[in-house]
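[1] Return atomic coordinates for the entry below.
(2 chains)
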Amino acid sequence: MNGTSYALGVGEDKSALFWTLLALGGLVLLGTLYAFFTLEHHGHALTGMDNQIVWGLPHVFAVFLIVAASGVLNVASIGSVFGKKVYKARAPLSGLLALAMMVGGLAVLVLDLGRPERLTVALTHYNFKSIFALNMIFYNGFFAIVGLYLLTLMDRKLSPWSKPLGILAFLWRLALTTATGSIFGFIVARAGFNSALYAPMFILYSFTYGMAVFMVVQSIMYKWNDIQVDARILAKMKNLLAIFIAASLYFTAVLHLTNLYYAKQWEFERFILLEGGVYTWMFWAGQVLLGGVLPLILLFSPLARHPATVFVAALLVILGGHCQMYVTIIGGQAFPLDLFPGWAESSSFYDGQIHPYTPTIWELLLGLGGIAIAFLITTVAVRVLGFLPQDDLKALEPELKAG
Amino acid sequence: MKEATNLNEERRELLKAGALVAGSTLAPGVLLIGVAQARAPEEPASDRVRWGMVIDVNKCADGCNACVTACNEENGLSGATGPQDAQWIRKLHIRNLSTGVEISLPMLCQHCEHPPCVDVCPTGASMKRADGIVLVDRHTCIGCRYCMMACPYKARSFVHEPLTDQNPEVPRGKGCVESCTFCVQKVDRGENTTACVEACNAAGHKAMIFGDLKDPNSEIAQILKHHKTTEVRADLGLNTGVRYQGI
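    Here you go, the predicted model:
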């Protein structure tokens, strides 16, 4: 290491900070591996998951990462597919983040499997009727397509291919998020799921979370390099984020309002919206207020001129996104299955009662591992390759003027 | 005219004799087909059979746990009922919210014709045999638990910790999902019954009947033909192999 930030090419020598970040990420990842081998040895008995709450905290982190991964690619799509130069400059970072978060999210899912050593079975045996199996195909395709797309963005010789590959990547990611949402939408028996709304709602969530992650990473990279983002570019991006947040809130409202219309869903809605304890709090305070309303207020306030405000708003969206996943995934399971509608049920297998869930440190470590993996990939990549979004403001002038 | 009558009588006698000969030739064959339902080990399950169960909730005694105990013993389950313990069959107590009527019934894998667990399983480990028994292939289950999310009956359990002292006939293992197999080991031996049914009979309740839904002469088919039975969550259209009488 010669001590120069050669890839980023700007700013002072920050090698020490870079290595510190790597060490921090690596440390978290070590913790994840320790948790993985411990669970591999002792089984999931050490976790808070059981036969009632079968998907827990690791899935909250994993699904967030996967959904945000497909969403963060949106930035590139707006550049390549819709020809916006502001976003074109950000396409390589967008592609990198998409790949990094997808790796992180999938890693958590695999590490949480009951038989993770059978990953090869999962990759060689496909039940094509399973939306889960289709997701695996979409994920694998995502790596290939986004990888190639990234190459066309980074290598000038390949740049004529960037538009067609960008379009393919855009369509592919839409299909992928549709499939991810459908993992929940296709669960016919549970009150909290079983809705076609999950597919478009997850696409909107992905736009929102992906955009927020992108803006957080971009802010940190600019700060690192002492670059001031152009106010008009920041305004464009924060407005887009605000539109995505509003659309996500809209879909959330529609989901719950339709449920409130169906008498058979009232009990579930009463649980999530009023009496669900941690889930009710996470929904109203986390998903709606911190992750939706507050960022909207911040983004439309005069304070939004300051990059720091936008940064905080984006961070809040990410926090709210995790709350949303917690409410969706775990809240949906905490509410008991109704085997006999119109009857009260009880049994030794916890029928008819709200299922409690307290995650343990092992689940947290598995989940954080996904973030650590995405973080490490991103940190190393932006260090060694030119992913920093750099704007040619002169060339952008017509687009920025048009607003 | 008389000659013609004689001829007719002769013909009748001949036909009778022929029927006797044909009957005595075919009967053992028919019996053999009956016996053949107890398959040889190398013979695959046949779709000429669909195994099912009828449970008469009026005969199921509240507080009786004989089916559960027998299942645990037959399949090597511990019988513990913590949140992480496996339960393949459980006694469910239900109370009608408007009338107050109370019913006790055993709940187990319903061996659906269109099982959601099989639909969602990414690797195909969750599968339905030709004879309708829904099983988990322990060699291809990766432990993702999507089937548990999808099952409308909460019939499946995940093995949360290493197991010892297993029944060699019923392999189980940490990290895999499992559920009622209709005592497939007994069915494949030709016993054509399940541990829970035997225990219910031994306890004198005779609330559970196991048999071939496709055999019109079987006891189970006769009950289904002559009595009103209920599918749990019939609205899902899964055509369950387990039916309840008296709900």
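
[2] Pull the contacting residues for the residue nearest to residue A:125 when sequence neighbours are not counted.
    Excluding its sequence neighbours, the residue lying closest to residue A:125 (C-beta to C-beta, 6 or more residues apart in numbering or on different chains) is residue B:123, at 4.1 Å. Bear in mind the C-beta positions are built from the backbone N, C-alpha and C, glycine included. Residues near residue B:123 by C-beta atoms under 8 Å, 6 or more residues apart in numbering or on different chains: A:121, A:122, A:125, A:126, A:127, A:133, B:140, B:141, B:142.

[3] Name the nearest residue to the fourth one, ignoring sequence neighbours.
    So that's residue A:126. residue A:133 (4.6 Å).

[4] thinking again about what came up before, cross the contacts of residue B:123 against helices and list the overlap.
    Of the contacts of residue B:123, the ones assigned to helices by DSSP state H are A:121, A:122, A:133.

[5] Pull out the buried residues from those residues.
    Listed as buried from the ones in helices among the contacts of residue B:123 are A:121, A:122, A:133; burial here means 16 or more other C-beta atoms under 10 Å in any protein chain shown.

[6] Tell me if I'm right that residue B:163 and residue B:172 touch.
    Yes. Counting by C-beta atoms under 8 Å, residue B:163 does reach residue B:172; the two are 5.6 Å apart.

[7] pLDDT at residue B:35, what is it?
    Per-residue confidence (pLDDT) for residue B:35: 44.

[8] can you list the weak-confidence ranges in chain A?
    A:1-13, A:403 (pLDDT under 70).

[9] tell me the contacts of the most centrally placed residue in it?
    The structure's chain A has its C-alpha centroid closest to residue A:68; by C-alpha atoms, centre = their mean the separation is 2.5 Å. Counting by C-beta under 8 Å, 6+ apart, residue A:68 touches A:101, A:206, A:209, A:210, A:212, A:213, A:318, A:321.

[10] And for residue B:130?
    Residues in contact with residue B:130 (C-beta under 8 Å, 6+ apart) are B:44, B:45, B:46, B:47.

[11] Helix, strand, or coil at the second one?
    Spelled out, that is residue B:45. When classified by DSSP: H, G, I helix; E, B strand; the rest coil, residue B:45 comes out as coil.

[12] these two touch, right, it and residue B:134?
    No. Using C-beta under 8 Å, residue B:45 is not in contact with residue B:134, being 11.9 Å away.

[13] So for the two, which sits in the more crowded spot?
    Between residue B:45 and residue B:134, residue B:134 has the larger neighbour count (other C-beta atoms under 10 Å in any protein chain shown), namely 26 against 18.

[14] Roughly how far does the more buried one sit from residue A:173?
    35 Å (C-beta to C-beta, to the nearest Å).

[15] What sits closest to whichever residue of chain A sits closest to chain B if chain neighbours are left out?
    In chain A, the residue that lies nearest chain B is residue A:114 (1.8 Å; C-beta to the nearest C-beta). Spatially, and ignoring its direct neighbours in sequence, residue A:114 is nearest to residue B:143 (1.8 Å; C-beta to C-beta, 6+ apart).

[16] you'd agree residue B:213 is up against residue B:220?
    Yes. At 6.2 Å, residue B:213 and residue B:220 qualify as touching, with contact defined as C-beta under 8 Å.

[17] Give the intersection of the neighbour lists for these two.
    residue B:52.

[18] Which stretches in chain B count as strands?
    Assigned by DSSP state E, the strands in chain B fall at B:51-56, B:89-96, B:102-108, B:126-128, B:134-136, B:157-158, B:177-178, B:208-212, B:229-230, B:242-245.

[19] want to try TSV for those, with distance to chain A as columns?
    Below are the strands of chain B laid out as TSV (distance: least, C-beta to the nearest C-beta, whole Å):
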stretch	distance to chain A
strand B:51-56	14
strand B:89-96	4
strand B:102-108	7
strand B:126-128	8
strand B:134-136	11
strand B:157-158	5
strand B:177-178	7
strand B:208-212	17
strand B:229-230	10
strand B:242-245	10
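
[20] okay, now residue 156: neighbour count?
    No chain in the question, so chain A it is. 8.

[21] Chain B was what I was after
    Applying other C-beta under 10 Å, we find 25 residues neighbouring residue B:156.

[22] domain ranges for chain B?
    B:1-36, B:51-245 (automatic domain parsing).

[23] Work out the gap between the longest one and the centre of the chain.
    Same thing as domain B:51-245. Its chain's average C-alpha position is 8 Å from that of domain B:51-245, according to C-alpha atoms, centre = their mean, to the nearest Å.

[24] Correct me if wrong: residue B:134 contacts residue B:109.
    Yes. Shown here, residue B:134 and residue B:109 form a contact pair, counting by C-beta under 8 Å, at 6.0 Å.

[25] what touches both of those two?
    Common contacts of residue B:134 and residue B:109 (C-beta under 8 Å, 6+ apart): residue B:179.

[26] Most proximal residue of chain B with respect to chain A?
    Chain A sits closest to residue B:143 of chain B, with a gap of 1.8 Å, by C-beta to the nearest C-beta.

[27] what's around that residue, how many residues?
    20.

[28] pretty sure it contacts residue B:160?
    No. Assessed by C-beta under 8 Å, residue B:143 is found out of contact with residue B:160, at 10.3 Å.

[29] Is residue A:401 in a helix, a strand, or coil?
    helix.

[30] The nearest residue to residue A:333 once chain neighbours are set aside: which element?
    Ranked by C-beta to C-beta, 6+ apart and with sequence neighbours excluded, the top spatial neighbour of residue A:333 is residue A:53, at 5.1 Å. Counting by DSSP states H and E, no helix or strand carries residue A:53.

[31] OK, contacts around residue A:53?
    Residue A:53 touches A:330, A:333, A:334, A:355, A:357, counting by C-beta under 8 Å, 6+ apart.

[32] helices and strands around the helix ranked longest in chain A, which ones?
    In chain A, assigned by DSSP H, the helix with the most residues is helix A:231-261. Contacts defined by 3 or more C-beta pairs under 8 Å, 6 or more residues apart in numbering or on different chains; DSSP states H and E place helix A:231-261 against helix A:85-88, helix A:198-224, helix A:266-270, helix A:294-300, helix A:307-325, helix A:393-402.

[33] coming back round to it: burial measure for the residue of chain A closest to chain B, as a count.
    22.

[34] One more: residue B:226?
    Counted with other C-beta under 10 Å, residues neighbouring residue B:226 total 8.

[35] Next, work out how far apart it and residue B:215 are.
    Taken as C-beta to C-beta, the span from residue B:226 to residue B:215 is 15 Å.

[36] what does residue B:222 give?
    Distance, residue B:222 to residue B:215, by C-beta to C-beta: 10 Å.

[37] swap in residue A:262?
    41 Å.

[38] More neighbours: which of these two?
    residue B:215 (16 against 11).

[39] Provide a list of residues in contact with that one.
    Residue B:215 makes contacts with B:49, B:221, as judged by C-beta under 8 Å, 6+ apart.

[40] Check residue A:99 too.
    Contacts of residue A:99 (C-beta under 8 Å, 6+ apart): A:69, A:143, A:146, A:147, A:150, A:377.

[41] Mark which of these are part of helices, please.
    Per DSSP H, the contacts of residue A:99 map to helices at A:69, A:143, A:146, A:147, A:150, A:377.

[42] Most neighbours out of those residues, which is it?
    Compared across these, residue A:69 has the highest neighbour count, 31 neighbours, by other C-beta under 10 Å.

[43] Could I get the contacting residues of residue A:314?
    A:211, A:212, A:213, A:215, A:216, A:219, A:241, A:295.

[44] try 10 Å this time
    Applying C-beta atoms under 10 Å, 6 or more residues apart in numbering or on different chains to residue A:314 gives the contacts A:208-209, A:211-219, A:237-238, A:241, A:245, A:295, A:298-299.

[45] Likewise for residue B:235?
    Going by C-beta under 10 Å, 6+ apart, residue B:235 touches A:188, A:264, A:341, B:152.
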